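# 3D, please:
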Amino acid sequence: MTEKQVLNRAVVEDFLYEEASLLDEWRLDEWLEMLTDDASYYVPPNDAPDADHHDTLFIVADDIHRIKSRVKRLKSRHAHAENPKSKTRRMISNVRIRSVVENVAHVTANFVVYRFRRHEQIREYVGRYEYKLAIDGTQLRIAERKAILDSEELARLGSVSIIL
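Below is the predicted model:
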């Protein structure tokens, strides 16, 4: 986002598409640069998508330190669930800016993440993202990222070892 650009759906879409590309290409260090210093990443349980991570068991409830640890682990050849790395392809749609309050854009988008691994069935993770995007001068940064899965049966999806 340049100084002359106004925050609009196209700007947010480009940002989310870049994020999807970085994750699909396993450029996780570059993805980390898109996050604020106090970012969080959540995947709530499918039976309580609006629950609070402080009193409900989430699939993922990471603060920035846990996010960095997750990335370090995923990049390691000792991460057996991702060695060799899965191939993923993300589809992002229905991007909406819900509100902008004090330099934070509240954004939602639908997603499908396809995960391919040798000798495993194709996994399809479908749901919606809820973002809090910090407007930092001329750039956007992810302050909070929530991936809410639509699946009714999580066991069929297998382990969620990738960043959704």
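
# next one, pLDDT for the spatially closest residue to Asn46 that is not a sequence neighbour please.
For Asn46, ignoring the flanking residues on the chain, the nearest one in space by C-beta to C-beta, 6 or more residues apart in numbering is Leu149 at 5.3 Å. C-betas here are computed from N, CA, C, even on glycine. Per-residue pLDDT puts Leu149 at 93.

# and Leu149, backbone torsions?
Note on Leu149: backbone dihedrals following degrees, to the nearest 10 are phi -80, psi 140.

# check Tyr129 too.
Per degrees, to the nearest 10, the backbone of Tyr129 is at phi -100, psi 150.

# what does Glu120 give?
According to degrees, to the nearest 10, Glu120 has phi -130, psi 160.

# that one - how many residues pack around it?
10 (other C-beta atoms under 10 Å).

# quick check, pLDDT for it.
So Glu120 comes in at 80 (pLDDT).

# picking that back up, what residues are up against the residue nearest to Asn46?
Val43, Asn46, Ile59, Tyr125, Val126, Gly127, Leu157, Leu164 (C-beta atoms under 8 Å, 6 or more residues apart in numbering).

# could you pull up phi and psi at Ser40?
phi -140, psi 160.

# which residue packs closest to it, ignoring adjacent ones?
In space, Ser40 is closest to Glu144, 5.1 Å off (C-beta to C-beta, 6+ apart).

# can I take it that Ala48 is in a strand?
No. Under the criterion used here (DSSP: H, G, I helix; E, B strand; the rest coil), Ala48 is coil, not part of a strand.

# pretty sure it sits against Thr56.
Yes. With contact defined as C-beta atoms under 8 Å, Ala48 reaches Thr56; the gap is 5.6 Å.

# so where do the strands sit in the chain?
Counting by DSSP state E, the chain has strands at residues 35-43, 60-62, 87-101, 104-116, 123-136, 139-149.
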